[in-house]
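Trainee: Give me a 3D structure for the following:
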Amino acid sequence: MTVTAVGKSQQGAVRRVGVRAYAEVELAAESLTAPEAGRDRSPHFSAGASAAYRWAAGRAHSSPVTGASAPGKPDLHLLTAEVDAAVVQLDDRTGQDSNREYVRGAHDALAWVCGYSDQLA
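Mentor: Model (predicted):
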């Protein structure tokens, strides 16, 4: 099956990452490296969001929060489990600020990918 630049197969089906189109996730990941992207967020937040987008799109072997690995692109169930793990870590106030920012970035990105939020990370 051939995929076009907008994330559709030749048959017209949109490739999905969670509830989002693959192309949307790619654009979200690319927006993190834009010159104006770092103005209002920490580098740790951006690193967590970037890791989450890469993993969700199937371009990383380990998940950003738990380090779990699964072959190929994670399904919505696994993406949601990673969001839940991020919530647990964010609720634990004993962690280092830089790690909390990384987890918050991963959480926000995955929450958007899963459709729990309309706000991009």
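Trainee: CA atoms for contacts and neighbours, from now on please.
Mentor: Noted.
Trainee: Next, count neighbours for residue 107.
Mentor: By other C-alpha atoms under 10 Å, 28 other residues sit near residue 107.
Trainee: go on, residue 95?
Mentor: So residue 95, with other C-alpha under 10 Å, has 11 neighbours.
Trainee: again, but for residue 34
Mentor: 9.
Trainee: and what of residue 47?
Mentor: 18.
Trainee: any weak-confidence spans in the chain?
Mentor: Along the chain, segments meeting pLDDT under 70 span 1-12, 36-39.
Trainee: how about a cut-off of 90?
Mentor: 1-14, 33-41, 70-72, 93-98, 120-121 (pLDDT under 90).
Trainee: quick one, strands of it?
Mentor: Using DSSP state E, the strands of the chain run over 16-17, 20-21.
Trainee: Pairing partners for the last one, with directions?
Mentor: In other words, strand 20-21. Next to strand 20-21 in the sheet, as set by DSSP bridges, lie strand 16-17 (antiparallel).
Trainee: give me every residue that touches residue 83.
Mentor: With contacts defined as C-alpha atoms under 8 Å, 6 or more residues apart in numbering, residue 83 is in contact with 107, 110, 111.
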